[in-house]
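Okay, sequence plus prediction incoming.
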Amino acid sequence: MIYVGIDVASEKHDCCILSEQNKKLESFSFPNTKAGFALLLRVCKKYADQGQTKIGLESTGIYGDNLCAFLRRNGYEIRTFNPLLIKKSIQATTLRKTKTDQSDACFLASYLARELPEPDPQVSYHISELKSLTRARFSAVRERSKAKAKLKALLICVFPEFHTAFSNVFGTAAIAILRKYPSAQKLATARKSTVSKILYEASRHRLGDEKAAMLMELAKHSVGCHSETKTLEIQYYLDQIELNTAYIRRYEASIQNIMNQINSPITTIPGIGFVLGAMILAELGDIGRFAAPEKVLAFAGLEPSVYQSGKYTPASGTMVKRGSPYLRWALLMAARSTIVNNPNFATYYQKKVSEGKHYNVICSHVAKKLVRTIFALLKKNTAYSLHYSLNAA
């Protein structure tokens, strides 16, 4: 039996191979290429076959995906470790502040030999695609939110009165006006008929002369400053919003297509749509790897921290927030939605309100109840029922 620890990086990986007696057999680096992967196989086969080789590496996102896929295709089982767990374990074994890729690889090999957890389950194609799509959508939504915040700040400088004319400054009509007239000065000197036509077409014939007159009056008496630099920035952030919105729609179309194919019971829960459902499924992976709902809570970072020392025992601990941030976000958003759309969770919410708990605390409680429900549905592959939920969660 040999234990192989691999420290993953973007361009090259470091490897350390230990024997059952914890003796270092070989330590080397190999490039993140086909030739490098072949070198790893040759060295591993020199000491043991696939069944007698245990491989462990940190879960470092996309850098190790190709390597893991290559090793699985060649019959090897992979075990991945939480980087925080490895970091704390290293700190617990030495007081020295020596850190190199080779030393990390050697520690991974020794940790693997000592703990030898179950190998990672194979992730289905659909779940793998959902994980990529939901994370890409999450990133696009975040970038769009940043662009909107920047645009609002710029509008306060160049046309602070603009928001009084529209209930939503990011609505179709408002964006159409900003595209053509990105400052109060440019709008004030525009032709009323042109402004009216833009509004009429962008609002699907709901707005026209009256709104145009209001906007131009606001522009003429605006205290905003004219700056060519700021108007260029406004155009830039408008482009960012438009681009991210287009990609969000494309991501959502692909997500919905996959969700229709897998037909998961998670979307039968009132309040969980296909986007949140997809994100939860993608981050959980195979529900069979969790023995109980509490394991899911720990994986999501939703469990309370515990600190007890001597006679000091706090009444309650704060949320650890050390699990998957994507899963935690999706569960908390789903909790807020189920409070509004699901009678069972609405009743539970009102119960916590009567106990005097803060809204965010209640949402964390609802998320924990929701995890128990999701766990039961996925384990049994059954649709959600209002009567079932009362007993199961």
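Good, I have the coordinates.

and the end-to-end length of stretch 260-278?
Stretch 260-278 has an end-to-end distance of 11 Å (CA to CA, to the nearest Å).

Tell me the buried residues in that stretch?
264-267, 269-278 (16 or more other CB atoms under 10 Å). (C-beta placed from N, C-alpha, C; glycine too.)

which among those residues gets closest to Ile175?
Val275 (23.3 Å; CB to CB).

pretty sure that closest one is touching Thr134, no?
Yes - using CB atoms under 8 Å, Val275 makes contact with Thr134 at a distance of 7.3 Å.

from memory Cys106 sits against Gly5, does it?
Yes - contact criterion CB under 8 Å: Cys106 and Gly5 qualify, at 6.2 Å.

how about low-confidence regions in the stretch 201-350 of the chain?
303-322 (pLDDT under 70).

before we move on, the earlier item: among Cys106 and Gly5, which residue is more densely surrounded?
The residue with more neighbours, out of Cys106 and Gly5, is Gly5; 28 against 20, by other CB atoms under 10 Å.

doesn't the more buried one fall inside a strand?
Yes - the assignment for Gly5 by DSSP: H, G, I helix; E, B strand; the rest coil puts it in a strand.

That one contacts Ala109, doesn't it?
Yes - counting by CB under 8 Å, Ala109 is a contact partner of Gly5 at 3.1 Å.

Give me the common contacts of these two.
Common contact partners of Gly5 and Ala109 (CB atoms under 8 Å, 6 or more residues apart in numbering): Cys16, Ile17, Leu18, Gly56.

Out of those residues, name the ones that lie in helices.
Among the shared contacts of Gly5 and Ala109, no residue falls in helices (DSSP state H).

Let me know the closest of these to Asp49.
Asp49 has its nearest neighbour among the shared contacts of Gly5 and Ala109 in Ile17, at 13.8 Å by CB to CB.

That closest one: how many residues sit nearby?
Ile17, neighbours per other CB under 10 Å, totals 26.

roughly how far apart are it and Lys46?
In this view, Ile17 and Lys46 are 9 Å apart by CB to CB, to the nearest Å.

Can you tell me how far Glu355 is from Ser337?
Applying CB to CB to Glu355 and Ser337 gives a distance of 22 Å.

my bad, Thr189
From Thr189 across to Ser337, the span is 46 Å (CB to CB).

Now the residue nearest the centre of the chain: closest residue in space that isn't a chain neighbour?
Central residue of the chain (CA atoms, centre = their mean): Tyr326, 3.1 Å from the mean position. Counting by CB to CB, 6 or more residues apart in numbering, Tyr326 lies nearest to Glu283, which is 5.2 Å off, once chain neighbours are set aside.

Surely the one you found and Ser324 touch.
Yes - in this structure Glu283 lies within contact range of Ser324 using CB under 8 Å: 5.0 Å.

So for those two, which residue has more residues nearby?
Taking other CB under 10 Å, Glu283 and Ser324 do not tie; Glu283 has more neighbours (24 against 15).

Which residues are in contact with each of Glu283 and Ser324?
Shared contacts of Glu283 and Ser324 (CB under 8 Å, 6+ apart): Ala300.

thought Ile266 was touching Ile280?
Yes - judged on CB under 8 Å, Ile266 makes contact with Ile280 at a distance of 6.3 Å.

Now render the shared contacts of Gly5 and Ala109 as CSV, adding pLDDT and distance to Ser139.
What follows is the shared contacts of Gly5 and Ala109, written out as CSV (pLDDT from 0 to 100; distance: CB to CB, whole Å):
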residue, pLDDT, distance to Ser139
Cys16, 94, 34
Ile17, 94, 37
Leu18, 94, 38
Gly56, 90, 29
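
Cross those residues against strands and list the overlap.
Cross-referencing the shared contacts of Gly5 and Ala109 against strands under DSSP state E gives Cys16, Ile17, Leu18, Gly56.
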